[in-house]
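# Below are the sequence and a predicted model for it; my questions follow.
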Amino acid sequence: MKRREFIQKSSALVTLPLFSFQKDFKVRTVVIDAGHGGKDPGTIGKKRTQEKDVVLKIALKTGKYIEDNLAGVKVLYTRKTDKYIEFQDRADLANKNQADLFISIHANAIVGANAYGTETYVMGLHKDKSNFDVAKRENSVILMDENYKEKYEGFDPNSPESYILFSLNQSAYQENSLRFAQLVENQFKTKVGRSSRGVKQAGFLVLWMTTTPSVLVETGFLSNDKEEMFLASENGQDLIASGIYRAFKEYKAEIESLN
């Protein structure tokens, strides 16, 4: 996708109505994106737990909860196996299928620190260095894409100047992205028993490329021994997935009640 297409898409978004104001709107299609995969392991814990494996299991569990309990909702997955998927293809899956929500699932890490907790991001300009660092790490995946310079028109995930492009995006989907992100973090804190670091904003390329409410969920820190054990466990993955599912169920009910 060319940069001019990015800009045209962003400009168009300004004039679109929020989902919450659309008459008889139903949440029918959700895309669940397991981050990383294949040649890209993502973050790696001290016990060698790989992000790509953890988030795939959580993504599949989340989708199954939705499929089993919410009739009429179509669940699409950016990947269901250990496969590398380019950012553009992840976003294209949501856009081409006119998805009503895009959920990207990840696991965090900070080398040399014992940080812990969940955090859910929406698209926006970072307000502090830690948010920027997370965005840089996730966006750096594009360096693995073939012809990435041509595909992303010179976007450099390590350059603060590249993120100025995101200031063009005044997304009509921001309100509902925030709505869902808050529900996710509330579930993690009150039902799953995790420490919530809250809802944050940062310049995630994959969120910016989607034309729908979108969030990126950091399910915990693989650099933290206890959280690595939790995220690597079947029970931990199930609890995180159930939290995201309940947030989705709440979101769907809230949005549809506004019709």
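On my side now, so go ahead. Numbering: from 1, shown residues only.
# Would you tell me what the next helix or strand after the helix or strand of the chain with the lowest mean pLDDT is?
For the chain, using mean pLDDT, DSSP states H and E, the weakest element among its helices and strands is helix 3-13, scoring a mean of 38. Toward the C-terminus, helix 3-13 is succeeded by strand 29-34 as the next helix or strand (DSSP states H and E).
# tilt between whatever helix or strand comes next after that following strand and strand 29-34?
Per DSSP H and E, the first helix or strand lying C-terminal to strand 29-34 is helix 51-69. If you take axes from the mean of the first three to the mean of the last three Cα atoms, to 10 degrees, helix 51-69 sits at 150 degrees to strand 29-34.
# Kindly tell me how buried residue 191 is, as a neighbour count.
Residue 191 has 13 neighbours, counted by other Cβ atoms under 10 Å. Just so you know, the C-beta spots here come from the backbone N, C-alpha and C atoms, and that holds for glycine as well.
# Specify the local secondary structure of the closest residue to it other than its chain neighbours.
Closest residue in space to residue 191, ignoring its immediate chain neighbours: residue 243 at 6.0 Å, by Cβ to Cβ, 6 or more residues apart in numbering. Assigned by DSSP: H, G, I helix; E, B strand; the rest coil, the conformation of residue 243 is helix.
# and residue 243, how far is that from residue 228?
18 Å (Cβ to Cβ, to the nearest Å).
# Retrieve the pLDDT associated with residue 185.
pLDDT recorded at residue 185 is 98.
# same thing with residue 171?
66.
# can you check residue 155 too?
Value listed for residue 155 in the pLDDT field: 84.
# Now it. Its backbone dihedrals?
phi -60, psi 130 (degrees, to the nearest 10).
# any residues touching stretch 51-66, and which ones?
Stretch 51-66 is contacted by residues 30, 32-38, 40-44, 73, 75, 77, 79-82, 103, 105-107, 109, 219, 222, 231-232, 237-238, 240-242, 244-245, 248 when judged by Cβ atoms under 8 Å, 6 or more residues apart in numbering.
# for that stretch, the distance to its chain's centre please.
Centroid separation for stretch 51-66 versus its chain: 13 Å, with Cα atoms, centre = their mean, to the nearest Å.
# Distance check, residue 114 against residue 51.
The gap separating residue 114 from residue 51 is 18 Å, by Cβ to Cβ.
# These two - which one has more neighbours?
Using other Cβ under 10 Å, the more surrounded residue of residue 114 and residue 51 is residue 51, with 25 against 11.
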